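Enquirer: Structure for this input, please:
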Amino acid sequence: MKGTTFNQLTIFQTIVKEGSIRGAARKLEMAPPSVSQSLKQLESHLGLPLFSRSTRRIDLTDAGKLLYERISESINTLEFALESVQNLGEIPSGKVRLTLPRFAYQFFLRPIYSEFCRLYPAVQLEISVSDETINIISEGIDLGIRFGDRIEPGMVAKKITPQMKEALFASKEYIQKHGKPKTLDELKQHKLIQYRFIASNQLAPLILQQRGQEIIVDMPNRMIVNDTDLMVDAAEKGLGIGRIVTPMISEKLASGKLIPILEKHWQPYPGLYLYFLQNSQKAKRLRVFIDFLIDKGRLQQET
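Expert: Coordinates of the predicted model:
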């Protein structure tokens, strides 16, 4: 795009992320008129408006949306390449942004993140806990953790935990009072502590295995929760049958505090994967965090 500079595209990308010219100016430590002038020059080169403006807000036009989608990955790759050269011989430093679901934070990241912070005090972690599937490129996030290795083009996925299953469980108190279901049909006579996803507001279907096939089992709900700690707590207090991935309750199952139910029917899930933009690991601040998480995951897989 003749006449368009990398700087103009970077400023445009920052305006989108920050939601305003003033916000971009603060982020880039520039004067608002300079940011506005850069945007005008870019729109002039393209011959199209990139934003529709009102007195209170600016929104991307169709041309702006397309440009943002097309340049985001390339700009991030160039920035990582420049950073990798600048960081030669330096200690890892700067901000690293990570997004992951709550249960992944609880059983995988919570025990280890403080160790990383002590090892690399010049790296500032920004951790976002969310059940929503995040597009890390458009959201300006460096790394994500999710189930499975299905990722967008241009991304890399690295396995960090073994395969796991979703367990069904109850307390001794519940089983003494209501009995222990022996078949899938008997589950309908019991009460489930149901889980609702925060991001989508949808109830999680109870998927179990029967003769090698996935089936959805409908159970009466005793409670509906959107928090994994509350799920386990309600089951421990005998309110119903809980359901959660096995790493979250492995110690409670081993100690007998919670009792497994219909274990042979538990639904398997792929392990957790760390995903990031291809070539981003060239930036030293990201490379040390990626290596740290993969090493910790490898220790889990060996135990």
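Enquirer: my guess is residue 274 meets residue 155, correct?
Expert: No: Residue 274 is beyond contact range of residue 155, at 10.5 Å (criterion: C-beta atoms under 8 Å). Every C-beta, even on glycine, is put in place using the N, C-alpha and C of the backbone.
Enquirer: Neighbour count for those two, which is higher?
Expert: residue 274 (23 against 18; other C-beta atoms under 10 Å).
Enquirer: so who does the closest residue to residue 269 other than its chain neighbours touch?
Expert: Closest residue in space to residue 269, ignoring its immediate chain neighbours: residue 164 at 5.5 Å, by C-beta to C-beta, 6 or more residues apart in numbering. For residue 164, the contact set (C-beta atoms under 8 Å, 6 or more residues apart in numbering) comprises 245-247, 268-269, 271.
Enquirer: next one: residue 225
Expert: 193-196, 231, 234.
Enquirer: again, but for residue 173
Expert: Residue 173 makes contact with 237-238, according to C-beta under 8 Å, 6+ apart.
Enquirer: what kind of secondary structure is it in?
Expert: The assignment at residue 173 comes out as helix when based on DSSP: H, G, I helix; E, B strand; the rest coil.
Enquirer: do residue 188 as well
Expert: Per three-state DSSP, residue 188 ends up helix.
Enquirer: same question, the one 10 residues further on
Expert: Three states are possible here, and by three-state DSSP the one that applies to residue 198 is coil.
Enquirer: so it touches residue 204, yeah?
Expert: No: the criterion here is C-beta under 8 Å, and residue 198 misses it with residue 204 at 11.2 Å.
Enquirer: Against residue 132, how distant is the spatially most central residue of the chain?
Expert: Centroid-nearest residue in the chain, with C-alpha atoms, centre = their mean: residue 100, separated by 2.9 Å. Using C-beta to C-beta, to the nearest Å, residue 100 is found at 11 Å from residue 132.
Enquirer: Check residue 209 too.
Expert: The gap separating residue 209 from residue 132 is 27 Å, by C-beta to C-beta.
Enquirer: So between these two, which is more surrounded?
Expert: residue 209 (16 against 12).
Enquirer: For beta bridges, what are the partners of the more buried one?
Expert: For residue 209, the beta-bridge assignment (DSSP bridges) gives partners residue 214.
Enquirer: now residue 194
Expert: residue 224.
Enquirer: Quick check: it touching residue 224?
Expert: Yes: Residue 194 is within contact range of residue 224, at 4.6 Å (criterion: C-beta under 8 Å).
Enquirer: shared neighbours, the two?
Expert: residue 203.
Enquirer: When these two are compared, which one has more neighbours?
Expert: residue 194 (22 against 12).
Enquirer: and the more buried one, how far is that from residue 5?
Expert: In terms of C-beta to C-beta, residue 194 sits 54 Å off from residue 5.
Enquirer: count of neighbours near residue 221?
Expert: 12.
Enquirer: swap that for residue 286, please
Expert: For residue 286, the count of nearby residues is 23 (other C-beta under 10 Å).
Enquirer: can you check the one 3 residues further on too?
Expert: Residue 289 is flanked by 25 other residues according to other C-beta under 10 Å.
Enquirer: Report the contact partners of it.
Expert: 96, 98, 116, 120, 123, 125, 143.
Enquirer: Tell me if it really is in a helix.
Expert: Yes: checked against three-state DSSP, residue 289 lies within a helix.
Enquirer: roughly how far apart are it and residue 72?
Expert: Taking C-beta to C-beta, one finds residue 289 at 21 Å from residue 72.
Enquirer: Surely residue 260 touches residue 171?
Expert: No: counting by C-beta under 8 Å, residue 171 is not a contact partner of residue 260; they are 11.8 Å apart.
Enquirer: Which residue of the two possesses the greater neighbour count?
Expert: residue 171 (21 against 15).
Enquirer: helix, strand or coil for the residue nearest to the more buried one when sequence neighbours are not counted?
Expert: Residue nearest to residue 171 in three dimensions, not counting chain neighbours: residue 238, with 4.7 Å by C-beta to C-beta, 6+ apart. Under three-state DSSP, residue 238 falls in the coil class.
Enquirer: residues in contact with residue 238?
Expert: Applying C-beta under 8 Å, 6+ apart, we find residue 238 in contact with 170-171, 173-174, 177.
Enquirer: JSON lines for these, including distance to residue 264 and pLDDT?
Expert: As requested, those are exported to JSON lines (distance: C-beta to C-beta, whole Å; pLDDT from 0 to 100):
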{"residue": "170", "distance to residue 264": "16", "pLDDT": "97"}
{"residue": "171", "distance to residue 264": "21", "pLDDT": "96"}
{"residue": "173", "distance to residue 264": "24", "pLDDT": "95"}
{"residue": "174", "distance to residue 264": "20", "pLDDT": "96"}
{"residue": "177", "distance to residue 264": "24", "pLDDT": "95"}
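Enquirer: Brilliant, that's me finished.
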